[in-house]
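Novice: Sequence first, predicted model second:
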Amino acid sequence: MQKEIIIAGFGGQGVLFAGQVLAYAAMDTGKIVTWIPSYGPEMRGGTANCTVVIADEEIGSPLVKHPPLAIALNLPSLDKYEGLLAPGGTLIVNQSMVDRGAKRTDIHVIFVPCNEIAEEIGDKKLLNMVAVGALLTALPELTLKDVEKALEAHLPERHKHLLPKNYEALKRGYETAQKIPA
């Protein structure tokens, strides 16, 4: 088994942290992982993306060209990565930041209002965990519990008070994505 994931958005949306959490969750369950961040020089407001590869044996190359899974947190990311997704793949799209539907019909696209859900929970910074929760509906190798345990184990001490809201964001993203027909 080898799953490749691209997560993309603006700097400040928690793109890199979302990838780290997935990588930690997979690593903590005994899988082999790679995580490669990439961001523009602007950091906040610029482009950011990361790739995560999860496997049960040695990873030959951490480069991701046509992943089966992707998260697009904004319109430029949807424009860039929709065409790269492998046929039959799943694309999670932050409906809050995108004003168009998908162009491809050979992939499963799940639109989730990540910003709105995060704001309902009480912290707009949680939009990345909403998207990760949605992604887990297409990533059976990891469970909500796996990601919750990774957050608890790897979240810096100064942010531990945010764990309940992170758990809620994951759950709400997962539940919202489950309601989208395949």
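Specialist: Nice, thanks for sending it over.

Novice: Tell me the helices and strands packed up against the one helix or strand in the chain whose mean pLDDT sits lowest.
Specialist: One helix or strand of the chain scores below all others by mean pLDDT, DSSP states H and E: strand 32-39, with a mean of 88. On a contact count with 3 or more CB pairs under 8 Å, 6 or more residues apart in numbering; DSSP states H and E, strand 32-39 meets helix 15-28, strand 47-55. No exception for glycine: its C-beta is placed from N, CA and C like everyone else's.

Novice: any idea which of those scores lowest on pLDDT?
Specialist: With a mean of 91, strand 47-55 has the lowest mean pLDDT of the helices and strands packed on strand 32-39.

Novice: Now do the longest helix seen in the chain: distance to the chain's middle.
Specialist: In the chain, assigned by DSSP state H, the helix with the most residues is helix 163-178. Its chain's C-alpha centre and that of helix 163-178 lie 12 Å apart, by CA atoms, centre = their mean, to the nearest Å.

Novice: residues contacting Gly83?
Specialist: By CB atoms under 8 Å, 6 or more residues apart in numbering, the contact set of Gly83 is Arg104.

Novice: try the one 5 residues further on
Specialist: By CB under 8 Å, 6+ apart, Gly88 lies in contact with 68, 106-108.

Novice: related to what we said a few turns ago, just want the angle from the least confident helix or strand of the chain to helix 15-28.
Specialist: 170 degrees (axes from the mean of the first three to the mean of the last three CA atoms, to 10 degrees).

Novice: Show me which positions of strand 32-39 end up buried.
Specialist: Using 16 or more other CB atoms under 10 Å as the test for burial, strand 32-39 gives 33-35, 39.

Novice: Now flag whichever of those is closest to Glu168.
Specialist: Trp35 (24.5 Å; CB to CB).
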